[in-house]
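# coords below, sequence missing:
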């Protein structure tokens, strides 16, 4: 797409936005999201950081996103100024998960900025990063970022930007940041990452600054009901031990923060349905005429009153987590989801006129066998006689900072075989859909990897970004690390 057409796409999107925070400051940075606009503007964390910067009085920002496929491969431009990233002294990236690192590489390289930290000189923009990825393993990101804000950024992002903007040289900025708690400076810290930041509860909740129809969550106002989680699921980065457990936002604060004209509201958090007032919150919004979406529903929290409120607020598909294909595996994950809870979820979905019950679960879990898959087939088949069932499958990827850290990937062939066994057993009784098993392996290597894997990702992304490119780049990297051959891919 020519530059003028790309600019017109941006202008058209800006015309549809409602909200936003204008700001003028001596230093303006680029606030970047390494996925397309429709994904980035659905990120509550990205919107929260945007709002904090714009209201700081000392720093201003202009947003930038990875151009989507319809735009071709142009250099990304900031939405507020239509300028390239190379124009700004600081580019701050919010990175949600491992596979977005390829988007970061493309955004920098297309902007004429070397993506590798080691290749940038004093004149290059300072690359700062943060986001959900920092709760697990930001080491692959350290190949690219000069500094990384670890964890919750509310109390850190503006002071960190002020340090960078005020430093006479990049070396001086790095030295100053290395002394700031919760800021990871690879040049100074090596692979020794600092602890994860936890913001003052008084600063909650995060909420949308901008609403737009051009997102995955069209025109939806996003707001936290809580932060963190009170549970101890062994696979989850946001488990209770990660950052001090769950911090609740009061019902009154939630309802008072949501604009009265909102007709679509997203309640966000790792454990939204564990909020003790969640049914009342959803019912109040439904009575306003708002459609409500929740980011997480736990089956053991579904009650008559709660599902009734969800139906009032526009729910037509009841979605919850099954997690493991068998009761044995769910217990091994320390999940509270029991057969009785999932049966009750199906009954409640039917009683309240839901079109289907959607269940999320993982395949390729430690100690999983075909017998676990067969139990899932039998149980889901039973549920399908109550209400139509859809299964959303994700291959298990062990994450750092969890009890299952270091568990091997089950293997592409193994997970694919079990997925086919599940599909075959449920054919005609449930809709079974899965994320890519091959790309789950790529995610796994990055989740367990370090700077070398970040460099390998860059090589694969710039060569074309196919799975074959990643397989070749990662296997070359893994071959140099004999102690970690558990990461090796199964033949395909």
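Yep, that arrived. Worth saying up front: this structure is predicted, and the values here are computed from it rather than measured. Numbers count the residues shown, from 1 in each chain.
# Surely residue 66 touches residue 76?
Yes. Using C-beta atoms under 8 Å, residue 66 makes contact with residue 76 at a distance of 6.5 Å. All C-beta atoms are positioned from the backbone trio N, CA, C, and that covers glycine.
# Between those two, which contacts overlap?
The contact sets of residue 66 and residue 76 overlap at residue 107 (C-beta atoms under 8 Å, 6 or more residues apart in numbering).
# for residue 18, phi and psi?
Taking degrees, to the nearest 10, you get phi -120, psi 130 for the backbone angles of residue 18.
# wait, what's in contact with the closest residue to it other than its chain neighbours?
Of all residues not flanking residue 18 in the chain, residue 211 sits nearest, at 4.8 Å (C-beta to C-beta, 6 or more residues apart in numbering). Shown in contact with residue 211 (C-beta under 8 Å, 6+ apart): 17, 18, 19, 219, 220, 221, 262.
# tell me the contacts of the nearest residue to residue 201 once chain neighbours are set aside?
Excluding its sequence neighbours, the residue lying closest to residue 201 (C-beta to C-beta, 6+ apart) is residue 247, at 4.8 Å. Contacts for residue 247 (C-beta under 8 Å, 6+ apart) come out as 201, 204, 226, 227, 228.
# which of the residues you listed count as buried?
Neighbour-count burial (16 or more other C-beta atoms under 10 Å) is assigned, among those, to 204, 226, 227, 228.
# okay, the third one: pLDDT?
Put plainly, it is residue 227. The model reports residue 227 with a pLDDT of 93.
# For it, give the beta-bridge partners.
Beta-bridge partners of residue 227, counted by DSSP bridges, are residue 247.
# Against residue 135, how distant is it?
12 Å (C-beta to C-beta, to the nearest Å).
# got it, and the first one?
The gap separating residue 204 from residue 135 is 17 Å, by C-beta to C-beta.
# now do the second one
Residue 226 sits 16 Å away from residue 135, taking C-beta to C-beta as the criterion.
# low-confidence ranges in the stretch 1-150 of the chain?
Low-confidence segments of the stretch 1-150 of the chain (pLDDT under 70): 1-4, 71.
# any chance you could map the helices in it?
Along the stretch 1-150 of the chain, counting by DSSP state H, counting those that start in this stretch, helices occupy 3-16, 37-40, 44-54, 101-110.
# Roughly how far does the spatially closest residue to residue 458 that is not a sequence neighbour sit from residue 204?
With C-beta to C-beta, 6+ apart as the criterion, residue 458 has its nearest non-adjacent residue at 5.0 Å, and that residue is residue 105. Taking C-beta to C-beta as the measure, residue 105 falls 33 Å from residue 204.
# Same check on residue 78?
Taken as C-beta to C-beta, the span from residue 78 to residue 204 is 29 Å.
# Spatially nearest residue to the most centrally placed residue in the chain (excluding sequence neighbours)?
Nearest to the mean C-alpha position of the chain, counting by C-alpha atoms, centre = their mean, stands residue 96 at 4.0 Å. Spatial nearest neighbour of residue 96, excluding adjacent residues (C-beta to C-beta, 6+ apart): residue 132 at 4.8 Å.
# got the contact list for that neighbour?
Residue 132 neighbours (C-beta under 8 Å, 6+ apart): 45, 95, 96, 97.
# related to what we said a few turns ago, hang on, isn't the residue nearest to residue 458 packed against residue 461?
Yes. Using C-beta under 8 Å, residue 105 is in contact with residue 461, at 4.8 Å.
# So these two - more neighbours on which side?
residue 105 (24 against 20; other C-beta atoms under 10 Å).
# Can you give me every residue that contacts that one?
Contacts for residue 105 were tallied using C-beta under 8 Å, 6+ apart; they are 115, 144, 457, 458, 461, 462.
# Enumerate every residue touching the nearest residue in space to residue 63 that is not next to it in sequence.
If the residues on either side of it in the chain are set aside, residue 63 comes closest to residue 79, at 4.7 Å by C-beta to C-beta, 6+ apart. Residue 79 makes contact with 10, 13, 14, 62, 63, 64, 65, according to C-beta under 8 Å, 6+ apart.
# Just the element for residue 245, please.
Under the criterion of DSSP states H and E, residue 245 resides outside all helices and strands.
# So residue 155 versus residue 23, what's the distance?
From residue 155 to residue 23 the distance is 19 Å (C-beta to C-beta).
# Comparing those two, which residue is more hemmed in?
Ranked by neighbour count (other C-beta under 10 Å), residue 155 and residue 23 place residue 23 first, with 18 against 15.
# Just to check, that one is in contact with residue 50?
No. Applying C-beta under 8 Å, one finds residue 23 not in contact with residue 50, separated by 9.9 Å.
# Spell out which residues are contacts of both of these two.
residue 61.
# residue contacts, the residue of the chain most remote from its centre?
In the chain, residue 168 marks the outermost C-alpha relative to the chain mean, sitting 34.7 Å out by C-alpha atoms, centre = their mean. Residue 168 makes contact with no residue, according to C-beta under 8 Å, 6+ apart.
# re the thing from before, now a PyMOL select for only the buried ones of the contacts of residue 132.
Typed into PyMOL, the line below selects the buried ones among the contacts of residue 132, using 16+ other C-beta under 10 Å:
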select buried, resi 45+95+96+97
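# out of the contacts of residue 132, who's nearest residue 194?
residue 95 (17.2 Å; C-beta to C-beta).
# From residue 13, how far off is the closest one?
From residue 95 to residue 13 the distance is 22 Å (C-beta to C-beta).
# Could you do residue 87 as well?
For residue 87, the distance to residue 13 - C-beta to C-beta - is 20 Å.
# isn't the residue nearest to the centre of the chain right up against residue 131?
Yes. Between residue 96 and residue 131 there is a contact under C-beta under 8 Å: 5.6 Å.
# Distance of the residue nearest to residue 135 when sequence neighbours are not counted relative to residue 267?
In this structure, residue 135 finds its nearest non-sequential neighbour in residue 237, 4.9 Å apart by C-beta to C-beta, 6+ apart. Look at residue 237 and residue 267: by C-beta to C-beta, they are 20 Å apart.
# repeat for residue 154
For residue 154 relative to residue 267 (C-beta to C-beta), the value is 19 Å.
# Residue 11 now?
32 Å.
# hang on, the earlier thing: neighbour count winner among residue 237 and residue 267?
Neighbours per residue (other C-beta under 10 Å) separate residue 237 from residue 267, with residue 267 holding more: 27 against 22.
# Which strands and helices lie in contact with the helix or strand hosting the more buried one?
Assigned by DSSP H and E, residue 267 falls within strand 264-268. For strand 264-268, the packing partners by 3 or more C-beta pairs under 8 Å, 6 or more residues apart in numbering; DSSP states H and E come out as strand 221-224, helix 278-287, strand 291-294.
# what do you get if the cut-off is 6 Å, keeping everything else the same?
If you count contacts as 3 or more C-beta pairs under 6 Å, 6 or more residues apart in numbering; DSSP states H and E, strand 264-268 packs onto strand 221-224, strand 291-294.
# Can you list the strands that it pairs with?
Strand 264-268 sits in its sheet next to strand 221-224 (parallel), strand 291-294 (parallel), going by DSSP bridges.
# how big is the angle separating it from helix 278-287?
Going by axes from the mean of the first three to the mean of the last three C-alpha atoms, to 10 degrees, strand 264-268 is angled at 170 degrees with respect to helix 278-287.
# Rounded mean pLDDT for strand 264-268, please.
In this model, strand 264-268 has a mean pLDDT of 96.
# Just the buried residues of that strand, please?
Neighbour-count burial for strand 264-268 flags 264, 265, 266, 267, 268 (criterion: 16+ other C-beta under 10 Å).
# same check, this time on stretch 428-443
429, 430, 432, 434, 437, 438, 440, 441, 442, 443.
# contacts for it?
98-99, 380-381, 384, 389-391, 393-395, 397, 409, 412, 415-416, 419, 422-423, 426, 467, 470, 489 (C-beta atoms under 6 Å, 6 or more residues apart in numbering).
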